[in-house]
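Engineer: Fold the following for me, if possible:
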Amino acid sequence: MNPTVDADNIPSNFRAGTVPLAGLTNVGKSTLVNKLIGQKVSIASPKPQTTRHRIRAILNRPASQIVLLDTPGLHGPKTQLSKWMVRSALKSLDGADAILLLIEPRPWNEQPGLERIIRNLTEVNCAARSSAPTPVLLAINKMDNIPKQAVLPVIRESAAKYPFHEIIPVSAHTGINLDVLVEAIENVMPVSPPLFPQDMSSDRSERFLIGELIRETILYRSHQEVPHCVAVVIEAMAVDDAKHRMDINAAIIVERPGQKKILIGKQGSLIKDIGMRARQEIERIFPYHVRLELWVRVAAKWRDRHELLTQFGIEDH
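Structural biologist: Reported below is the predicted structural model:
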């Protein structure tokens, strides 16, 4: 759970700050955020580039409030969407109170792009040379997949790459060492009152999360180029608390008619399956009986069209 502190009795040594998560795609940033918060605030899937938005996840503790920024993975951008994702991830590093870099427990030469991230971190701290450098903590994730002794060479190599404040092997999946990681982050947070109301777990709306839950289902149920070409727009949403009912109409946007045909499936079989699974996931999180209607529409090359990125609520947030 995410405990709160009496707003009228905040300790004088209370700490609060913002910590963006940096890392390559599919390293487990969203899984880690959800595990720390204790509920789903960011979708996760085995597909790279699942996270498209910066999402503030708010970890409330008795003596601190840690605002975790789940950001898109840093990668080589090809479309306007992916260029915006990389800019968004890099921008989140500016003005942070600490930075958490996630890597996998493998040699650095097997993780192309890590050296570029280190250059980004160095540039951030060079730009802030008039003040104290931003502490950078390194979490070596997915420790549940390897023997403990196998991480020692990765720790030594990482320490030689950058002066990390701390290096902590963790598993976002099983929870290994997450208490150690949170304590290390808390210790570098500045003394400050809470930055957000302490009953908040995310700065994103229910509408946003529902759209992401639908997109997450599509990521799991589709393959090849389709997942990367999908956007989800919630066109209508109504809640009836008296009847414990939520009605949702959502449009699934793809780039080509062939992708629309794939998502609909033979005699509508795939879109029906996506709707059923997405509805179950929404009902797991929200206390309502959900009626979900999905429509698939084509918007040619939407990932390269600024007006559509804005219309779909991506570039303007």
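Engineer: quick one: low-confidence ranges for the protein?
Structural biologist: 1-8, 47-52, 72-79, 81-90, 126-131, 315-317 (pLDDT under 70).
Engineer: Mind jotting down where the helices sit in it?
Structural biologist: Secondary structure of the chain (DSSP state H): helices at 29-37, 80-91, 114-127, 152-161, 178-188, 206-221, 257-264, 269-285, 306-311.
Engineer: Rebuild the ones you listed as a markdown table, extending it with mean neighbour count and distance to residue 297.
Structural biologist: The C-beta positions use only the backbone N, C-alpha and C, and glycine is treated the same way. A markdown table is the format used below for the helices of the chain (neighbours: other C-beta atoms under 10 Å; distance: least, C-beta to C-beta, whole Å):
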| stretch | mean neighbour count | distance to residue 297 |
| --- | --- | --- |
| helix 29-37 | 23 | 27 |
| helix 80-91 | 18 | 17 |
| helix 114-127 | 15 | 36 |
| helix 152-161 | 14 | 45 |
| helix 178-188 | 17 | 41 |
| helix 206-221 | 20 | 14 |
| helix 257-264 | 16 | 7 |
| helix 269-285 | 16 | 12 |
| helix 306-311 | 15 | 11 |
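Engineer: Just put those in JSON lines and tack on distance to residue 135.
Structural biologist: Converted to JSON lines, the helices of the chain look like this (distance: least, C-beta to C-beta, whole Å):
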{"stretch": "helix 29-37", "distance to residue 135": "18"}
{"stretch": "helix 80-91", "distance to residue 135": "18"}
{"stretch": "helix 114-127", "distance to residue 135": "10"}
{"stretch": "helix 152-161", "distance to residue 135": "15"}
{"stretch": "helix 178-188", "distance to residue 135": "4"}
{"stretch": "helix 206-221", "distance to residue 135": "30"}
{"stretch": "helix 257-264", "distance to residue 135": "44"}
{"stretch": "helix 269-285", "distance to residue 135": "33"}
{"stretch": "helix 306-311", "distance to residue 135": "33"}
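Engineer: Which of the ones you listed sits closest to residue 299?
Structural biologist: helix 306-311 (5.8 Å; C-beta to C-beta).
Engineer: In terms of secondary structure, what does the closest one contact?
Structural biologist: Helix 306-311 makes packing contacts with helix 80-91 when contacts are defined by 3 or more C-beta pairs under 8 Å, 6 or more residues apart in numbering; DSSP states H and E.
Engineer: what number of residues lie near the closest residue in space to residue 289 that isn't next to it in sequence?
Structural biologist: Distances taken as C-beta to C-beta, 6 or more residues apart in numbering place residue 245 nearest to residue 289, at 5.2 Å, with adjacent residues excluded. For residue 245, the tally of surrounding residues (other C-beta atoms under 10 Å) stands at 13.
Engineer: Then the one 4 residues further on?
Structural biologist: Counted with other C-beta under 10 Å, the neighbours of residue 249 add up to 15.
Engineer: Adjust the sequence numbering to begin at 39 for everything that follows.
Structural biologist: OK, 39 is where the count begins now, so the last one is residue 287.
Engineer: That one and residue 223, how far apart?
Structural biologist: Distance of residue 287 to residue 223, given as C-beta to C-beta, to the nearest Å: 40 Å.
Engineer: same question, residue 332
Structural biologist: Per C-beta to C-beta, residue 332 is found 39 Å from residue 223.
Engineer: what's the answer for residue 99, then?
Structural biologist: On the measure of C-beta to C-beta, residue 99 and residue 223 end up 10 Å apart.
Engineer: Please apply the same query to residue 206.
Structural biologist: Distance of residue 206 to residue 223, given as C-beta to C-beta: 10 Å.
Engineer: what's the overlap in contacts for these two?
Structural biologist: Residues within reach of residue 206 and of residue 223 at once, by C-beta atoms under 8 Å, 6 or more residues apart in numbering, are residue 175.
Engineer: What is the neighbour count of the closest residue to residue 105 other than its chain neighbours?
Structural biologist: Closest residue in space to residue 105, ignoring its immediate chain neighbours: residue 56 at 4.6 Å, by C-beta to C-beta, 6+ apart. Neighbours of residue 56 under the rule other C-beta under 10 Å: 18.
Engineer: from what I can see residue 56 touches residue 107, true?
Structural biologist: Yes - counting by C-beta atoms under 8 Å, residue 56 touches residue 107, with 6.4 Å between them.
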